[in-house]
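Novice: Whatever this is, show me its structure:
(one chain, ligands or ions: 1)
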Amino acid sequence: MPERAFNQANIRNFSIIAHIDHGKSTLSDRLIQHCGGLADREMAAQVLDSMDLERERGITIKAQSVTLHYTAKNGETYQLNFIDTPGHVDFSYEVSRSLAGCEGALLVVDAAQGVEAQTLANCYTALEMDLEVVPVLNKIDLPQADPMRVAEEIEDIVGIEAIDAVQCSAKTGIGIDDVLERIVTQIPPPQGDAEKPLQALIIDSWFDNYQGVVSLVRVKNGVLRAGDKMKVMSTGQSHQIDKVGFFSPKPTETGILRCGEVGFIIAGIKDILGAPVGDTLTLAKNPASAPLPGFKKVKPQVYAGMFPISSDDYESFRDALGKLSLNDASLFYEPENSSALGFGFRCGFLGMLHMEIIQERLEREYDIDLITTAPTVVYKVVRKDGVEVKVDNPTKLPPVNDIETIYEPVVEANILVPQEYLGNVITLCVDKRGMQTKMTYHGKQVAVTYELPMAEVVMDFFDRLKSTSRGYASLDYQFIRFQEADMVRVDVLINGERVDALAMITHRDHSQGRGRQLVEKMQELIPRQMFDIAIQATIGNHVIARATVKQLRKNVIAKCYGGDVSRKKKLLQKQKEGKKRMKQLGNVEVPQEAFLAVLKVGK
Ligand SMILES: Nc1nc2c(ncn2[C@@H]2O[C@H](COP(=O)(O)OP(=O)(O)OP(=O)(O)O)[C@@H](O)[C@H]2O)c(=O)[nH]1
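Specialist: Numbers count the residues shown, from 1 in each chain. As a prediction, this is how the structure comes out:
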């Protein structure tokens, strides 16, 4: 392989911080196009949002990278390594992961919309990590764009200089040159010493069916070559490096990654735990004395049970979770056994979107049909005998008589909202048992801070906030403490049998109303069968609500008795498909939606 020209001073490693829809994907495609990374026809598909799911949902989930070469106005050619970051509130942890590989970040703000809470939180993370934050005002082609106002907002709310912020339109291409020049002039080159022992940070790892584990790394010190024997510092395991290179955006082998560079490495690692994200790689021959600081560990916030509909899928389900968790350190799972749903896993997620995405990936990429139980947060329970337990599953809540106190997790939620929707947002927060702690006005925008029970926030809060503010309010939240709360477990009985997978933990004040809504929702969702089905909600032995699904009188097939066989077959086939998502509880068939009916209550 020919030696590449290399000058560490001409490397720029950066990420883009942007709120969803402010144009990050469009801008990154433009930068790639401008630097000749892609032909126009390849631009049709946005490149960095590579997973199908991401494209459909229009959001970026996983960190990806691309290496570009840009010849600047000063005549020098720069290597730009762009590491992508996700934009949703559930994934701020992955943002810090991407930022750890960079010296700078572009803060892309829609010049018509202004600053949103999520960009704010990520921006603070970047500033804390000592990154150079370069503000970029996008969408200046829009008639309603108001770059001066938004620049002031950035200064006022984010607290960085923005008056001479670069203005561009990722859509029309205006100002893209200026963005590239800013990257080169404002973001510092990587520090690090090529002569020191190798230290390469694993930013991301994923499993490729042909290559095994592929890792995206940032070389902080030393040099990494194909053929070298490298050591994973946390496990001490050594592997021969097969391939190294860049994504440009197609994978391009270079045989070497030098100090300051970002690229992929493949080392024939088959074990999915062999290259953990946040770990440090060094060389077996001349190892570094210490690993690099890893990433802040994140704890899942929401737990739910996931059960394969067919018990034959259990093994493949476990393998799939293993593969997914390789590049998603925030995904937690452990075996769970439900009397209603059989063998499955208790899974922990960052939030509801994260949960939905994992569920969809399992179904689409791994072809596993699942029943998911209602998500719950983690409660701290102090028993009468003084022992403290963490409860991530309503069925594990100790009997009422054994409980001294229950503590629920509380978050601090920062919301940015235009003044005209402030009233709606306050109503929503009060409804969700929120307590206001701060409110400041910034031009047209208001920043409000609430302390809210996490259980209320992780479920449907984000969606409701969006709809009550016509999409203008934005949210960021973090766990602050556990707080004593009067929580109870509501059980659901179907024909007298307690269904463990349907239990929920809720505040006592809401329990009566939610119990009622829950049984009513279940009544709608459970199809009528050949007998009456009684649905009850209980707290302990006390029934708080009941409903009945009346028996079905007619047999569907009876209708076409004597009719032609193919029609009858079709009807049966249709029924069977309809049943795919059903679970047999005793003699009652319950559809998947019923297990999530809890999410539909309390609105
Ligand atoms: N008018 C105008 N529209 C733009 C511009 N840049 C992006 N858009 C549009 O804004 C919408 C969102 O752009 P994306 O690039 O997908 O946004 P994103 O921030 O990458 O979204 P995530 O991938 O979810 O983080 C798309 O409909 C784009 O066509 C711009 O400069 N001007």
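Novice: who does the host helix or strand of I535 pair up with?
Specialist: Assigned by DSSP states H and E, I535 belongs to strand 533-539. Here strand 533-539 is paired, per DSSP bridges, with strand 487-494 (antiparallel), strand 542-549 (antiparallel).
Novice: what's the burial count for the single nearest residue of the stretch 201-350 of the chain relative to the ligand?
Specialist: The stretch 201-350 of the chain approaches the ligand most closely through P249 (15.2 Å), counting by Cβ to the nearest ligand atom. For every residue, glycine as well, the C-beta is placed using N, CA and C. Using other Cβ atoms under 10 Å, P249 has 21 neighbouring residues.
Novice: Could you measure from it over to E261?
Specialist: Distance from P249 to E261, counting by Cβ to Cβ, to the nearest Å: 16 Å.
Novice: Check the contact between P147 and Q167; I expect there is one.
Specialist: Yes - here P147 reaches Q167: they are 5.3 Å apart, a contact under Cβ atoms under 8 Å.
Novice: ok, longest strand in this protein?
Specialist: The strand spanning the most residues in the chain, taking DSSP state E as the definition, is strand 403-418.
Novice: Does anything pack onto that strand? Which helices or strands?
Specialist: Where contact means 3 or more Cβ pairs under 8 Å, 6 or more residues apart in numbering; DSSP states H and E, strand 403-418 is packed against helix 117-128, strand 379-383, helix 422-431, strand 445-453, helix 454-456, strand 474-484.
Novice: Report the mean confidence score over the third one.
Specialist: Average pLDDT, helix 422-431: 94.
Novice: Also the longest one?
Specialist: On average, the pLDDT along helix 117-128 is 82.
Novice: Contacts for it, please.
Specialist: Residues outside helix 117-128 that contact it (Cβ atoms under 8 Å, 6 or more residues apart in numbering): 15, 17-20, 22, 85, 87-89, 92, 95-96, 99, 105, 107, 109, 133, 157-158, 160, 414-416, 474-476.
Novice: Would you mind checking these for buried ones?
Specialist: By neighbour count, with 16 or more other Cβ atoms under 10 Å, the contacts of helix 117-128 hold 15, 17-20, 22, 85, 87-89, 92, 95-96, 99, 105, 107, 109, 133, 157-158, 160, 414-416, 474-476 as buried.
Novice: Narrow those residues to those in strands?
Specialist: Those of the buried ones among the contacts of helix 117-128 lying in strands (DSSP E): 15, 17-18, 105, 107, 109, 133, 414-416, 474-476.
Novice: ok, how many other residues are close to E420?
Specialist: Neighbour count for E420, taken as other Cβ under 10 Å: 12.
Novice: what's the answer for K139, then?
Specialist: Other residues near K139 come to 26 when the count uses other Cβ under 10 Å.
Novice: rewinding a little: my reading is that the residue of the stretch 201-350 of the chain closest to the ligand lies in a helix. Confirm?
Specialist: No - P249: not assigned to a helix; according to DSSP: H, G, I helix; E, B strand; the rest coil it is coil.
Novice: secondary structure element for G305?
Specialist: strand 302-308.
Novice: circling back to that earlier point, could you give me the average pLDDT of the longest strand of the chain?
Specialist: 93.
Novice: ditto for stretch 374-383
Specialist: 92.
Novice: can you tell me the distance between the two ends of it?
Specialist: Counting by Cα to Cα, to the nearest Å, you get 25 Å between the two ends of stretch 374-383.
Novice: What's the per-residue pLDDT of whichever residue of the stretch 351-500 of the chain sits closest to the ligand here?
Specialist: Nearest residue of the stretch 351-500 of the chain to the ligand: L353, at 11.3 Å (Cβ to the nearest ligand atom). Per-residue confidence (pLDDT) for L353: 77.
Novice: all numbers from here: first residue = 15
Specialist: From this message on, residue numbering opens at 15, which makes the last subject L367.
Novice: Can you report how many residues neighbour it?
Specialist: Neighbourhood size, L367 [other Cβ under 10 Å]: 20.
Novice: Can you list the helices and strands that the host helix or strand of it packs against?
Specialist: Applying DSSP H and E as the criterion places L367 in helix 366-379. When contacts are defined as 3+ Cβ pairs under 8 Å, 6+ apart, helix 366-379 packs onto helix 66-71, strand 316-322, helix 328-340, strand 356-363, strand 384-386.
Novice: how about a markdown table for those, with distance to the ligand and mean neighbour count added?
Specialist: Listed next are these as a markdown table, based on distance: least, Cβ to the nearest ligand atom, whole Å; neighbours: other Cβ atoms under 10 Å:
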| stretch | distance to the ligand | mean neighbour count |
| --- | --- | --- |
| helix 66-71 | 7 | 14 |
| strand 316-322 | 21 | 24 |
| helix 328-340 | 20 | 18 |
| strand 356-363 | 19 | 21 |
| strand 384-386 | 24 | 22 |
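Novice: tell me, which of those is the model least confident about?
Specialist: helix 66-71 (a mean of 50).
Novice: and the helix or strand following that one, which strands flank it?
Specialist: Sequence-wise, the next helix or strand downstream of helix 66-71 (DSSP H and E) is strand 79-85. If you go by DSSP bridges, strand 79-85 pairs up with strand 91-97 (antiparallel).
Novice: Give me the buried positions along the partner strand.
Specialist: Within strand 91-97, the residues that qualify as buried by neighbour count (16+ other Cβ under 10 Å) are 92-97.
Novice: to the chain's geometric centre, what's the distance from that strand?
Specialist: 26 Å (Cα atoms, centre = their mean, to the nearest Å).
Novice: R528: which of the strands paired with strand 547-553 is closest?
Specialist: Nearest to R528 among these is strand 501-508 (6.9 Å), distances taken as Cβ to Cβ.
Novice: for that closest one, the distance to its chain's centre please.
Specialist: 29 Å.
Novice: One more: stretch 234-247?
Specialist: Put simply, stretch 234-247 sits 30 Å off its chain's centre (Cα atoms, centre = their mean).
Novice: returning to what we had before: keep only the buried residues of strand 91-97 that also lie close to the ligand.
Specialist: For the ligand, no contacts are drawn from the buried residues of strand 91-97 by Cβ under 6 Å from any ligand atom.
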